[in-house]
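J.: What follows is a predicted structure for the sequence shown.
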Amino acid sequence: MPLVDISDKQTTQRTACAQGELRFSPKAFQIFLKQGSPKGNVLQTAQIAGIMAAKHTPGLVPLCHPLLLEKVSVTFELLKSKNTVKVFSEVLCSGKTGVEMEALSAVCAACLTIYDMMKFSGHDMTISGIRLVYKSGGRSGIYHR
């Protein structure tokens, strides 16, 4: 199975945004809010993990082209009434192929890092809703969920 030939494609500004969430048990979410993890700052570590995952996507997902990423951001929203951390990523580059997989990888790695750092408080956590919410650039144009 060959790597897809993108040599004839135009270089354009590519953007992709993804999101996902990690839901805690009520008890574990209170521990997350009040004391965090003995491993360190949970959200800062998850942010770094997400950025690193975006940068290393071709090593994680077979047949993804390596890209020169120009921006990777990973942010969080705490939904206290739902015991949930929402994770958002945005990835930009100028290239011949999209950055959707990089944005999705960032969200996955951030969620997994939160899980890993908080599993001491209980394994009753659920990662869900990982999805692409926006992409632009290239022949297919704009996608918005």
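T.: Sure thing, it's come through.

J.: any idea whether the residue most central in space within the chain is helix, strand or coil?
T.: Nearest to the geometric centre of the chain sits Val107, at 1.7 Å (C-alpha atoms, centre = their mean). Three-state call for Val107 (DSSP: H, G, I helix; E, B strand; the rest coil): helix.

J.: Glu21 versus that one, what's the distance?
T.: 9 Å (C-beta to C-beta, to the nearest Å). Every residue, glycine included, has its C-beta placed from N, CA and C.

J.: secondary structure element for Phe76?
T.: Assigning secondary structure by DSSP states H and E places Phe76 in strand 71-79.

J.: Report the buried residues of the next helix or strand after that strand.
T.: Remark: after strand 71-79, the chain's next helix or strand is strand 84-95, criterion DSSP H and E. Neighbour counts over strand 84-95 (16 or more other C-beta atoms under 10 Å) mark 84-93, 95 as buried.

J.: Identify the contacts common to Val107 and Glu21.
T.: Val87 (C-beta atoms under 8 Å, 6 or more residues apart in numbering).

J.: that older thread, buried residues in the strand holding Phe76, which are they?
T.: So for strand 71-79, counting by 16+ other C-beta under 10 Å, buried means 72-74, 76.

J.: One more: stretch 119-131?
T.: Neighbour-count burial for stretch 119-131 [16+ other C-beta under 10 Å]: 121, 125, 127.

J.: Check whether the last one sits in a helix, strand or coil.
T.: Reducing the assignment at Ile127 to three states with three-state DSSP gives strand.

J.: which residues touch the residue nearest to it when sequence neighbours are not counted?
T.: Leaving aside its sequence neighbours, Ile127 sits nearest to Cys111 (C-beta to C-beta, 6 or more residues apart in numbering; 4.6 Å). The contact partners of Cys111, taken as C-beta under 8 Å, 6+ apart, are 20-22, 46, 87, 127, 130.

J.: about what we covered before: dump the buried residues of strand 71-79 to a markdown table, plus distance to Pro38 and pLDDT.
T.: Formatted as a markdown table, the buried residues of strand 71-79 follow (distance: C-beta to C-beta, whole Å; pLDDT from 0 to 100):
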| residue | distance to Pro38 | pLDDT |
| --- | --- | --- |
| Val72 | 27 | 98 |
| Ser73 | 27 | 98 |
| Val74 | 22 | 98 |
| Phe76 | 20 | 98 |
